[in-house]
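Q: for reference, the sequence and a predicted model appear below.
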Amino acid sequence: MAATQMAKQMIDFQKSILNNSYNALTVIQNQTETMINSYAEQLPWMTDEVKTQLTQNFEQARKAGEEFKKAIDDGYARFEAMLD
C-alpha cells in the first residue's frame, strides 16, 4: 500500500513538472512567434508567401506540442488507472 501511495505521489510530481515545463515552453513559443512576425512585417523583401509559410510552421509546431502533451497526459492517466 505504501509503495502505491509513493508511486502516485511521484506521478503527481512528474505531472506537475511536465505541466510547468510545457507552459513555460508555450510562453516562449508565443513570444518568439510574435517577435518573428513583427520582424517579418518590417522586411520589405519578405513576400506574403514566406509570411504564410512562417504562420503555417508556427501552427504546426503548436499542434505538435499539444499532441505531445496529450499523449503524455494519456500515459499518466493509464498509469494512474493501473495503480488504482
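A: Done, it's in.
Q: go ahead and flag the most central residue of this structure.
A: Most central in the chain under C-alpha atoms, centre = their mean is G65, positioned 3.8 Å from the mean C-alpha point.
Q: so that residue makes contact with Y22?
A: Yes: counting by C-beta atoms under 8 Å, Y22 is a contact partner of G65 at 7.3 Å. Bear in mind the C-beta positions are built from the backbone N, C-alpha and C, glycine included.
Q: for Y76, which non-adjacent residue is spatially closest?
A: Closest residue in space to Y76, ignoring its immediate chain neighbours: K15 at 5.5 Å, by C-beta to C-beta, 6 or more residues apart in numbering.
Q: number of nearby residues for that neighbour?
A: By other C-beta atoms under 10 Å, 15 other residues sit near K15.
Q: show me what the one helix or strand it maps to is packed against.
A: Using DSSP states H and E, K15 falls within helix 2-41. The helices and strands touching helix 2-41, judged by 3 or more C-beta pairs under 8 Å, 6 or more residues apart in numbering; DSSP states H and E, are helix 48-83.
Q: pull the distance from the helix it packs on to the chain's centre.
A: Relative to its chain's centre, helix 48-83 lies at 6 Å (C-alpha atoms, centre = their mean, to the nearest Å).
Q: okay, angle between it and helix 2-41 too, please.
A: 170 degrees (axes from the mean of the first three to the mean of the last three C-alpha atoms, to 10 degrees).
Q: can you list the buried residues in helix 48-83?
A: Neighbour counts over helix 48-83 (16 or more other C-beta atoms under 10 Å) mark F58, K69 as buried.
Q: hmm, back to that, was I right about the residue nearest to Y76 contacting D74?
A: No: applying C-beta under 8 Å, one finds K15 not in contact with D74, separated by 11.9 Å.
Q: what's the overlap in contacts for those two?
A: Counting by C-beta atoms under 8 Å, 6 or more residues apart in numbering, no residue touches both K15 and D74.
Q: if we can go back for a sec, give the contact list for the residue nearest to the centre of the chain.
A: By C-beta under 8 Å, 6+ apart, the neighbours of G65 are Y22, L25, T26, Q29.
Q: that concludes my questions; thank you for your assistance.
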